[in-house]
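**Student:** just need the structure, nothing else, for what follows:
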Amino acid sequence: MDSARLARFSALPPLNRANQYSEKSRCKICGGHAAAFDIADFYKYCNSGNFYEFGLSGTIVSYLRCPDCGFIFTGFFDDWSAEEFSKFIYNEDYIRVDPEYLSIRPERMAREWAVRFAGCDSVRILDYGSGAGIFAERLRSAGVNIISYDPFSSPCRPEGRFDVVTCFEVLEHAPRPHDMLKDMKGFLDTGGCILFSTGIQPKDIMERRCSWWYIGPRNGHVSIFTENALACLAEAAGLRLYMGHGTHAFVPGVPSPAALAVLNASGPWVHRLVLGAPSAVDAGNAHAWHGIETAMQGRYRWTRVPQLEWRIAAVAAGVAQIQVVIPFLIEVEQGFAARCTLTVGSQRKPLSVADNRLVATVQANDAMILHITLHTPPPRSPSDLRGAPDPRPLGLAIRLRDGGGE
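**Tutor:** Residues are numbered from 1 along each chain as shown. Sure thing, here's the model as predicted:
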């Protein structure tokens, strides 16, 4: 072993599970403590077969994953300039790692969206992250009012505001997703919406890790989302997340008639609604929650009563279903969460439990305010259950919805 390698090995810290977390590795979406996830060579590209077809670069890109919202990201590219991205990623070799980039994919998508945009001729549309501009060019020939903008290939920013921004296979390229969404939102007219697509992590991502084909640093895929991470991203921008079949949307509280026409033509949609413990309590709900506590995975409150209530401004326009998600960290005893149910308006629903999340799907209606009630078994105290020195009645440790992730 040479002296330099010997020095590196000698400096390694003892094995400790806490080493996977770092104060410098806060989640870029929700601010939670992100943990070491996996590594990929810089030359790994999006190929479901041999993703090292072009060999190894010898440069390792480390990815982290947030245990709160599930977001996977890397800080490797955070200090890269636009010129460096153009030189080392979006260069003349890019078509070799994304052969459908120039024409195949935009041609196919243009055919699909020409049908969806039919009858929306007056809707002003901006295609954000447009690449070579083929998608917009084909739609314009079909009578759609659309223009292109791409920070790399078409960097001249358009003027005016738009009813709809399309953003297909772009968010995964954003080192700073909040900044990108803010930039897109800045192009929207009042009530406008954003239609987008991006790869969503599969359920077995913890087994696949960076062997999942969609994680490809050579493609510039630096941000890999879960539905929960997208919901957090939307909420921070004052938007709602609609999930569709391959296409999703960021929607304001009151969509404009133009945006609504496009949403109705592009659905059906599922409004993903993520609930959490309140960051502050008042006389109306102080009896229901214990104080804020902090764990490595984020901030939370224990429930202290068997009924927890939320009132949410509903968005029913263009939505077929509402999926309610309540993330929690701990249950006071095994099987407690599985015995919970949910009432949304007049609909009483069982809850499924997966990955420390309670999930129920209900049919949307025209109610402007959703009254949601979580029904739990009677809370139990750790002192009664295990003889622990904690006499508080506890049920579920539910994550805070702001400042502590999901």
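**Student:** what comes up buried for stretch 288-295?
**Tutor:** For stretch 288-295, the neighbour count (16 or more other CB atoms under 10 Å) marks Ala288, Trp289, His290, Ile292 as buried. Using the backbone N, CA and C atoms, a C-beta is placed for each residue, glycine as well.
**Student:** report the mean confidence score over it.
**Tutor:** When pLDDT is averaged along stretch 288-295, the result is 91.
**Student:** got the contact list for it?
**Tutor:** Stretch 288-295 is contacted from outside by 277-279, 281, 299-305, 307-309, 329, 392, 394, 397, 400, 404, using CB atoms under 8 Å, 6 or more residues apart in numbering.
**Student:** pull the CA atoms of it into CSV?
**Tutor:** Taking C-alpha atoms only, stretch 288-295 is exported to CSV below (Å, rounded to 0.1, in the frame of the first residue of the first chain):
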residue,chain,number,x,y,z
ALA,A,288,-54.6,16.8,20.9
TRP,A,289,-50.8,17.1,20.7
HIS,A,290,-47.7,16.9,22.9
GLY,A,291,-44.8,19.2,22.4
ILE,A,292,-42.3,19.2,19.6
GLU,A,293,-39.5,16.6,19.8
THR,A,294,-36.6,16.0,17.5
ALA,A,295,-35.0,12.8,16.2
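**Student:** sorry, back to before: can I get the buried residues of stretch 288-295 in a markdown table with distance to Cys30?
**Tutor:** A markdown table is the format used below for the buried residues of stretch 288-295 (distance: CB to CB, whole Å):
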| residue | distance to Cys30 |
| --- | --- |
| Ala288 | 23 |
| Trp289 | 20 |
| His290 | 22 |
| Ile292 | 16 |
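**Student:** now, which of those sits nearest Lys44?
**Tutor:** Ile292 (40.3 Å; CB to CB).
**Student:** just to revisit the earlier point, which among the contacts of stretch 288-295 count as buried?
**Tutor:** When the contacts of stretch 288-295 are checked for burial by 16+ other CB under 10 Å, the buried set is 277-278, 281, 299-304, 308, 329, 394, 397, 400, 404.
**Student:** which parts of the longest helix along the chain are buried?
**Tutor:** Criterion DSSP state H: the longest helix present in the chain is helix 104-116. For helix 104-116, the neighbour count (16+ other CB under 10 Å) marks Arg105, Pro106, Met109, Ala110, Trp113 as buried.
**Student:** rewinding a little: and the buried residues of stretch 288-295, which is closest to Lys87?
**Tutor:** The shortest approach to Lys87 among the buried residues of stretch 288-295 belongs to Ile292, at 46.4 Å (CB to CB).
**Student:** partners of whichever strand or helix holds the closest one in the sheet?
**Tutor:** Secondary-structure assignment from DSSP states H and E places Ile292 in strand 289-295. Here strand 289-295 has these sheet partners by DSSP bridges: strand 298-303 (antiparallel).
**Student:** and the next element down the chain from the partner strand?
**Tutor:** Counting by DSSP H and E, the element after strand 298-303 in chain order, helix or strand, is strand 307-313.
**Student:** just the C-alpha atoms of the helix or strand just after that next one, please, in CSV.
**Tutor:** Going down the chain from strand 307-313, the next helix or strand is strand 319-331, by DSSP H and E. Provided in CSV are the C-alpha atoms of strand 319-331 (Å, rounded to 0.1, in the frame of the first residue of the first chain):
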residue,chain,number,x,y,z
VAL,A,319,-59.3,15.9,-9.6
ALA,A,320,-60.9,12.4,-9.5
GLN,A,321,-59.4,11.3,-6.2
ILE,A,322,-57.6,12.7,-3.2
GLN,A,323,-54.8,10.6,-1.6
VAL,A,324,-54.3,11.5,2.0
VAL,A,325,-50.8,10.7,3.5
ILE,A,326,-49.9,11.0,7.1
PRO,A,327,-46.2,10.3,7.8
PHE,A,328,-45.2,9.1,11.3
LEU,A,329,-41.9,8.1,13.0
ILE,A,330,-43.0,5.8,15.8
GLU,A,331,-46.1,4.0,17.1
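**Student:** dump the C-alpha coordinates for the first helix or strand past strand 319-331 going along the chain into PDB.
**Tutor:** Sequence-wise, the next helix or strand downstream of strand 319-331 (DSSP H and E) is strand 341-344. Extracted C-alpha coordinates of strand 341-344, given in PDB (Å, rounded to 0.1, in the frame of the first residue of the first chain):
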ATOM      1  CA  THR A 341     -59.000   4.800  10.200                       C
ATOM      2  CA  LEU A 342     -59.700   8.100   8.400                       C
ATOM      3  CA  THR A 343     -62.800  10.200   7.800                       C
ATOM      4  CA  VAL A 344     -62.700  12.700   4.900                       C
END
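**Student:** and for Lys44, the neighbour number?
**Tutor:** Other residues within reach of Lys44, judged by other CB atoms under 10 Å, total 25.
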